[in-house]
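Q: Sequence unavailable; structure follows:
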Ligand code: NA
Ligand code: NA
């Protein structure tokens, strides 16, 4: 493992820790929009993590996976937001 | 690595078992989902060595990368994932309908068909 | 380490830092509306940095094009998402933090219709 | 619609990472297929991304390209600034000191597209997130993470953002 | 290599897809269902004629070499089961023509039946462990659809239990597949058998056998994994209950036969006595459940469990003769049980209830129905010369000849309780006076009588012509227990390992 | 050519349905030609038997099981076949009169023909399995006959009792016969009879004997299984006459007699038979004295006679064999006559109760004469055939090889029985024909029945007198081969009325004297306080059935108790046992811990988040929290897939995760928001323990299996051949659509079926949300699920 | 947005034979896009994006997938044995029955998942959300 790879891996670690923070918000809520937001952010983290992973492993095939995750993250957030609105008081 | 996955699998099975033993239909379903996660990981672990960094994509000459992951388990899991998705959807619809018919989330209320 | 690698590393670091900030902000800030600020912005910038790092690292045009497209996607969609979250939260009555100083919107919503009385 | 097909075709080729004639033909075919299938309903969902009640008027593109580029540059810069701003707040401000608030801003922009772009821009930039636009489209409500001076915020948005948007999308 | 071995799978699959596509035309889905089933029946019969002489027939899906591709293997047991599945489905379809309401039909009743047939045929034919899992899921989800179709409260309640408990079983099967691949490195049954045959007991393979025993045991509804069956089987329309009784648990039995006859035959030395114990418990607890019930279909449902005990006893005896005996019994019970469900269903329809206490008078009102019911219960109770007697006799004979006296005694004793609970139905439904004026009860429709009658007549015929039946199943039992022949048929005389070594550097 | 004897009767069953049409008496007599022809045919076929030989034939049926239709006509079979067809002829004709008013006669005669066929098959069988086939058929057909008047609960009960007892015995018999066949190496009677010494020495002998005797005793109503026979009197009288005089109940005796050469000669066999038979004989004879119902009276004397026959087989010896054969014939004649006469009286007077009958001598003189004849034979009065038979019985008791005590006991028992018979006979005769004209007789126009109806009882009654007077020679010719078959060795039989003054005669005569002395007190005897209820046995049997039902119900309630979570718990524990026990026993050794030096911390993190997510799901108090936690688990699984080189999987997992979450949110929006703490603390603790054990088991199973590389996996093949043969570089996808495309086909089918199922679930609602029974309506012909509550 | 996603899904489908993707991923992608739109904007959106009967689309997918196994059967070969066009089609890639089968998978997945979502959303008690009305916001103290 080169130094570069190790450093990138270190960044991945930071992202992973950051994910835990997201997960905490996801669990804490308290409102549904809070959770939705946490979900959205988590998706961004996943994208970042995979992107860093791509840098280490040169698996360009994963780039499209990033695309999919990004799209899903956005669509999911919109959907949840609308879902909340539809069911509002 | 295997031991890591084994712990994850064990905890998934344990959690799933606990959840399906609850009275709430919601937890039951979540337990089933968790169970399928556990099984998928289990199959994954059964592959020809759990490998890092070499997905089963061969190059233009048809040569697999060194240490390529076991593609067969991946195909099997893919099948299993999709199947369990179908089942999850069905169980959800069923839970919804029986909740509608029985008017309760408590699984213990669903015992009339067994009564002697 | 080559120059590419250094640039890659720098971009990635910046990105990761902002992503981390987004997460911290999301935890730290007092209510949903303020948290959305943190995630909507820091997150976007962070991911941009990381994706640029990928583009630089690979250096080929196609990868770069895809990354740029992805960045554009994030830039376009992040505000939409933030806006929708806020709106949904407001409509469903998510509480604002006690230190909120001003609410010009208060009482303007026709809750049944989900539209603003103007 | 043609524009849409073309955009899709280009996307196709980008995805394929190959810009040959066959790719173009296949891309055109796929794009046309998708658009034709959905054409009956296209206008609404395509542009109705959640905020929009607007239509993209494609004739403006050529003329306004330069202005657009400048605008995008400005926007990117604002975004960067915004991030630093938020970073500062997140890192250095105590939670109790933050003064968030919701502010109403009167609108001069009339077109749907203009309002959409403005709203997005507001969201992307320092400490503000657009919340909703009033039904008569005269007012935009924004959430501000730190309202030290509501009037200053209003002023900033009207001068820096709305003006630039007005130039492109009246 | 037999390219047309796919027919029993392709025909219901394409049939079902077409039937859904043509759902607007009710007649079309009926016709398609009938046609597909007839194709399967014809092919199944052809297989039964061919296979005893030729040995197992093999086809490789997509043309890939075993053990790498998915093998389809038709040996005597598979052929019998494929044929029976189609035959039973045929009677169900005909019964359904006369008993299933338009609403159900419109909601894809016939396609679901075909898909059930698809899953069943696939399960019986495949020679690949994971593929077996897939077909299991096909038939399982089709059965989910069928058992809940209609959406009455009872159906939903019973359906939920059915679904959840069955899901647990198939999950066990799935991770069993995974473990098997991890352990044996292969999924082809012949290859697994070949590799497992080289192992000396006991070891991890013994644990795997436990996994499969659990998985298939819960499909087969052995004690103590049967709860899903009595909770749900009496809730859907009779036609559905009937086809379930004919097919569902038998898949589990078939799979247990495969596991212990082929895949993990060495483990029989360890599991044989335990299987026998489970068989005995299943017989007794099942029949006591039946004795306790006061509803036609519930009685019959508990009997399914009891009779599974006999089928399991066939494996527990741990020999080709035992498998043959189990097969004879299983084939018999599939036919007769369905017949009884059909006839009991017709009786339910006439009386407007399945509650024994409120039924009666049918011996006078419907002598033909009574006749066939009586013959059916005689057969179920193992009274000569009906097929049930042959099934019971052969099991007891093998039991005695293998000195398994206890299970033999239990099997014999269970059959008197079986008879007792069946006579309870006979007494209450047919002999007892009706509370209503008999002449005011509706007459049974021919379409509701004919399928059950046909199956009863088949049972009589199987009893009278039991020679060929036993002969066939003796061969089938031998084939099911002959690992070498199976392996040779699938991978060639050198075996799968040779093929594997040649292909993988 | 023996099978036609059986086949004719069986085929005649549908023909007999003709008797449902009017003109039943004549049709019945026409149908009586069928048994008559069987009788004739039997005689015609019997040529070799008179010379001490036998006729055999074999029709292949299920040769693999040793179950061929093998028939043998020897002396014993011949005797029985002639009795069955001969009495059968009379019964069929008689039934036409007895049930002449009933359109069900056709059905009745059809049952009767079936029964006759079964009975003929039983006695002609040359193979114990063949014999068993017909044995069971007699049980079933007699069930139908006894339950003929099934509108009455008593008839159903009697039929059920008889079937359960004889059917249960039949099962014991089957197992016994299988053991016998196993020991003898053949199911052929000839082989079994030839293997006597081998059998008696075989380890399976005691078990086989006990099981076979269980079958015989139940069928022949020996104590304590006797109770079903009086209950079987619910059958129409012609059926009773046939079943209980000549056929069904004799089947057990037949089998014991048939097997005694092979199985007899041991204390187990001989003493059991002698003791049980003697006890049954005496007990039933005494009970018979005390009955008021004509048919009940006859039923108990029948039981008594069956005991006598059993006892004689046990006593053994030349006289035992001779006595069995002779008594069978004698009993068949007088008892069939008596049953038919009881039917005549019942038919004419409308009652069989002795207390309501009387004074019929003036109205039914012909009937009285015939009855007297039959009763004289029954009572063993000299010059009647019954006397000849009884003398042989006494000889057997005196000459037995079972020892002096046994001999003395047997003689005493026979004497007591003889006395009791006389008392019974006298009571029957005097209460019916003598004394005051009864109420029943006055209310009806009582006369002798039509001549046709008297032919039935008349012929055997007259034969009971004629045989000893005129035909002892020819009958000896019939009895001899039968006795030989029972004895197993050649003997010479010469029946005679007068053997000189011997102990047997003395015993016999003193019994007659005492009997007539006691007969005067018969009525008083009957009126003495009754036997305790248990002596009837049927009540006990009813209680046994009730107990079984109650036990089964309690057991089923306890097992199938309705709560899904309990089912799941049992399932989980079963799984732990089925997998855990073998794993602990044999699998632990396979575990190898390979500590991977390359392990990355993000891998650890992703893996560690899974247990955290699991705990979060369990702890979640709202459904949303739980859903999100599960989603997180799914996302972590996807992440693991990414980290371990499975991009396709990761993508699929992620997409599925999103879709599942959407579905979950949609559906759970209608379910309660918060979880209530449904379960008690101990339940949760118990479940937690089960869950933990499950987790540990699965985890270690994974470890054990994954670290075990006994066999090389298939995977390399796919990697190497993907492009060349599968034309693709994404090996996973090539496997999915090509190498294992067949799986995928099934997989999308699963998805599709799930859709159809969901469509049906959501779009079709017939229950309307409640559990009211769905009645069948005109528009909805489906046999709908019905109410399940009780 | 949606046309782009549909295009992405087709792209994923076609490249699946060589790179991650394929009928499942493509189909799931399209389906999730449509479903998320349905959740956000109501069931009618589905018809706007892809105006078909999704149930029939699923059935067609099965049918389409299954029939491409038949040519082999008629040729006396095992079911689903692959037939490939000799040359790859420019811009699309190699075409053979396995790829066509994958297209069947793609249709089935889209049809099934979308139809399930539609069925759920069209339930009057599910959508718009009933219990949300009684409990608009869930406040909980965390896990
Ligand atoms: Na391994
Ligand atoms: Na291995």
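A: Looks like it came in fine. Here the structure is a predicted model, which means the values were calculated and not measured. Numbering: from 1, shown residues only, chains lettered A, B, ... in the order given. Ligands and ions are numbered 1, 2, ... in the order given.
Q: contacts and neighbour counts: CA atoms only from here.
A: OK.
Q: Packing partners of the longest helix along chain B?
A: Longest helix in chain B, counting residues (DSSP state H): helix B:71-102. Helices and strands touching helix B:71-102, by 3 or more C-alpha pairs under 8 Å, 6 or more residues apart in numbering or on different chains; DSSP states H and E, are helix B:25-45, helix E:129-148, helix E:153-184, helix F:647-668, helix F:715-726, helix F:731-734, helix F:741-763.
Q: Any idea how far the third one is from the middle of the chain?
A: Taking the mean of its C-alpha atoms, helix E:153-184 sits 17 Å from the chain's own mean (C-alpha atoms, centre = their mean, to the nearest Å).
Q: Point out the other helices and strands that it packs with.
A: Using 3+ C-alpha pairs under 8 Å, 6+ apart: helix E:153-184 touches helix B:25-45, helix B:71-102, helix E:129-148, helix E:189-197, helix E:204-220, helix E:228-232, helix F:564-575, helix F:681-706.
Q: How about the second one?
A: Applying 3+ C-alpha pairs under 8 Å, 6+ apart, one finds that helix E:129-148 makes contact with helix B:71-102, helix E:109-125, helix E:153-184, helix E:238-258, helix F:741-763.
Q: Out of the helices and strands packed on helix B:71-102, which gets nearest to residue G:126?
A: Using C-alpha to C-alpha as the criterion, the shortest distance between residue G:126 and these is 6.3 Å, found for helix F:647-668.
Q: for residue F:436, what are its contacts?
A: F:358, F:359 (C-alpha atoms under 8 Å, 6 or more residues apart in numbering or on different chains).
Q: Ramachandran angles for it?
A: Main-chain torsions, residue F:436, degrees, to the nearest 10: phi -70, psi 150.
Q: so what pLDDT did it get?
A: Listed pLDDT for residue F:436 reads 77.
Q: Redo the helices and strands packed on helix E:153-184 as CSV? Include mean pLDDT and mean neighbour count.
A: CSV is the format used below for the helices and strands packed on helix E:153-184 (pLDDT from 0 to 100; neighbours: other C-alpha atoms under 10 Å in any protein chain shown):
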stretch, mean pLDDT, mean neighbour count
helix B:25-45, 94, 26
helix B:71-102, 93, 25
helix E:129-148, 96, 28
helix E:189-197, 96, 24
helix E:204-220, 96, 27
helix E:228-232, 94, 28
helix F:564-575, 96, 20
helix F:681-706, 94, 21
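Q: Based on its surroundings, how many neighbours for the closest residue to chain F within chain D?
A: Proximity of chain D to chain F (C-alpha to the nearest C-alpha) peaks at residue D:16, 15.7 Å away. If you count neighbours by other C-alpha atoms under 10 Å in any protein chain shown, residue D:16 ends up with 19.
Q: Pretty sure residue E:144 sits against residue F:758.
A: No - look at residue E:144 against residue F:758 with C-alpha atoms under 8 Å: they stay out of range, at 9.5 Å.
Q: who touches the residue nearest to residue C:77 when sequence neighbours are not counted in this structure?
A: Leaving aside its sequence neighbours, residue C:77 sits nearest to residue A:74 (C-alpha to C-alpha, 6 or more residues apart in numbering or on different chains; 6.7 Å). By C-alpha under 8 Å, 6+ apart, the residues touching residue A:74 are A:40, C:77, C:78, C:81.
Q: now swap in residue B:26 and tell me
A: Residue B:26 makes contact with B:105, F:623, F:668, F:671, according to C-alpha under 8 Å, 6+ apart.
Q: State the pair within those that is farthest apart.
A: Farthest-apart pair in these is B:105 and F:623; separation 11.8 Å (C-alpha to C-alpha).
Q: about what we covered before: just the angle between the longest helix of chain B and helix E:153-184, please?
A: With axes from the mean of the first three to the mean of the last three C-alpha atoms, to 10 degrees defining the directions, helix B:71-102 sits at 160 degrees from helix E:153-184.
Q: Please identify the buried residues of stretch F:263-283?
A: Under the neighbour-count criterion of 16 or more other C-alpha atoms under 10 Å in any protein chain shown, stretch F:263-283 has F:263-265, F:269-283 buried.
Q: Can you flag which of those belong to helices?
A: Those of the buried residues of stretch F:263-283 lying in helices (DSSP H): F:263, F:269-283.
Q: Excluding sequence neighbours, find me the nearest residue to residue G:66.
A: residue E:14 is the one closest to residue G:66 (C-alpha to C-alpha, 6+ apart), at 6.8 Å.
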